[in-house]
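> Let's see this in three dimensions:
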Amino acid sequence: MRTQSTCLLFAAALLSHGLAHAGGYEGWRFGMTHEQVKAVGDPSRYYGFKNGDLGAGKQPFEGGDALLSFYFKGDHMERVMLIPYMGDDLKQGREAWRKSLDHLTRVCGGVESPSLGKGAAKPEAVMAAWDEAVPLMAPGERHQMGCSPMPGGERIWASATRGAGTQVMVSVNYGEP
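Sure thing, here's the model as predicted:
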């Protein structure tokens, strides 16, 4: 009975702090406040954006580094975005896309891509779809892939977004369902 009471108290404490939501990335969990996010790791690495979201310096990602962005709804985090590449070199962007594919496959078991139809896609097809789509995208257009199957309690996907001129940004996103 004492163990059951202790478990119930612990669950109530989590719920009151907004951390009982499943999902997130590494030490960051959906529902965290700005202060809770900044308490993960070195607080000096975080910086604020004008819209109230947070950014952080480089984070290890699949053998390289990625910048981090934390998106909030009110005062509670709803998405973590890792940016392994942003620049004008499509070859480097493609390598970041491959690392993103490896990451999603490792985390979820497989991926699917809207450009390839519904259902799990082979890695070679995902990379061929990058080669066909991304060089021809107009500014603001996106090429995406997502976990297959999608885990419960979160959405995990990657995007290649064309910026101005030849700029491309590759991101991996962990978002609330």
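> where does this structure have low pLDDT?
Within the chain, the stretches with pLDDT under 70 are 1-22.
> one more time with 90, if that's ok
Residue ranges of the chain with pLDDT under 90: 1-23, 57, 117-120, 152-153.
> quick check: longest strand of this structure.
Secondary structure assigned by DSSP state E gives strand 76-87 as the longest strand of the chain.
> which other helices and strands contact it?
For strand 76-87, the packing partners by 3 or more C-beta pairs under 8 Å, 6 or more residues apart in numbering; DSSP states H and E come out as strand 24-25, strand 28-29, strand 54-61, strand 64-73, helix 90-108, strand 168-175. (C-beta placed from N, C-alpha, C; glycine too.)
> Including mean neighbour count, could these go into a markdown table?
Converted to a markdown table, those look like this (neighbours: other C-beta atoms under 10 Å):
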| stretch | mean neighbour count |
| --- | --- |
| strand 24-25 | 20 |
| strand 28-29 | 21 |
| strand 54-61 | 16 |
| strand 64-73 | 17 |
| helix 90-108 | 18 |
| strand 168-175 | 22 |
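> Could you save these as TSV and add columns showing distance to Trp157?
Formatted as TSV, the helices and strands packed on strand 76-87 follow (distance: least, C-beta to C-beta, whole Å):
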stretch	distance to Trp157
strand 24-25	13
strand 28-29	17
strand 54-61	15
strand 64-73	14
helix 90-108	8
strand 168-175	5
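> Quick one: residues contacting Gly27.
Residues in contact with Gly27 (C-beta atoms under 8 Å, 6 or more residues apart in numbering) are 40-41.
> what about 10 Å?
36-37, 39-41 (C-beta atoms under 10 Å, 6 or more residues apart in numbering).
> can you pick the most crowded of these?
Neighbour tally across those (other C-beta atoms under 10 Å): the maximum, 24 neighbours, falls on Val37.
> Could you tell me how far that one is located from Lys73?
To Lys73, Val37 is 13 Å away according to C-beta to C-beta, to the nearest Å.
> ok, Val134 - contacts?
Val134 sits in contact with 90, 93-94, 97, 141-143, 160-162, 168, 170, where contact means C-beta under 10 Å, 6+ apart.
> So it belongs to a helix, correct?
Yes. According to DSSP: H, G, I helix; E, B strand; the rest coil, Val134 belongs to a helix.
> what's near enough to touch Ala158?
Taking C-beta under 10 Å, 6+ apart as the definition, contacts of Ala158 comprise 82, 84, 96-97, 99-101, 103-104, 111, 113, 126, 143-147, 170-173.
> Equivalent analysis for Ser148, please.
Taking C-beta under 10 Å, 6+ apart as the test, what Ser148 contacts is 104-105, 108-113, 118-121.
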